[in-house]
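Peer 1: Test case, fold it:
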Amino acid sequence: FATRDFKKGEKVYSFKKGKVIGVAGIQNVPEGEKRYLDKIEKGKFEIIEPPARYVNHSCNPNVSEKKRVAYALRDIKKGGEITIDYDKIAYLEKSFECHCVSKNCRGFVRGRQ
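Peer 2: Next comes the predicted model:
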């Protein structure tokens, strides 16, 4: 959630590259960290670092990431949830249902193909 107000186009957060592991390395990732794995290519995964790991999906996101920096797509008020469209940033093994309830909700998230 936003700790202060952000204006459209303003930098909201940035994050460093996380540890990259192969499929065999997943077994060594603590259970609490596995939910932050992002497939970056065939057989390779990155453990997403904070604060990006805490940003939820929305079909009507209020930030967009470019080179590990998130910029506000519109004004964000302090206390507002920061959201991103996983279809634009995540490689997913399989689609999942979306429950973001935005007026343009697609009903599913496929991730980048």
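
Peer 1: tally of neighbours for the closest residue in space to residue 96 that isn't next to it in sequence?
Peer 2: Nearest residue to residue 96, sequence neighbours excluded (CB to CB, 6 or more residues apart in numbering): residue 109, at 5.5 Å. From N, CA and C alone the C-beta is placed, and that goes for glycine too. Number of residues near residue 109 (other CB atoms under 10 Å) recorded here: 18.

Peer 1: buried ones in stretch 3-13?
Peer 2: 6, 12, 13 (16 or more other CB atoms under 10 Å).

Peer 1: just checking, which of the residues you listed belong to strands?
Peer 2: 12, 13 (DSSP state E).

Peer 1: What mean pLDDT does stretch 106-113 get?
Peer 2: In this model, stretch 106-113 carries a mean pLDDT of 80.

Peer 1: Secondary structure class of the residue of the chain most remote from its centre, three-state.
Peer 2: For the chain, the residue at maximal distance from the C-alpha centroid (CA atoms, centre = their mean) is residue 24, at 23.6 Å. Under the three-state scheme (DSSP: H, G, I helix; E, B strand; the rest coil), residue 24 adopts helix.
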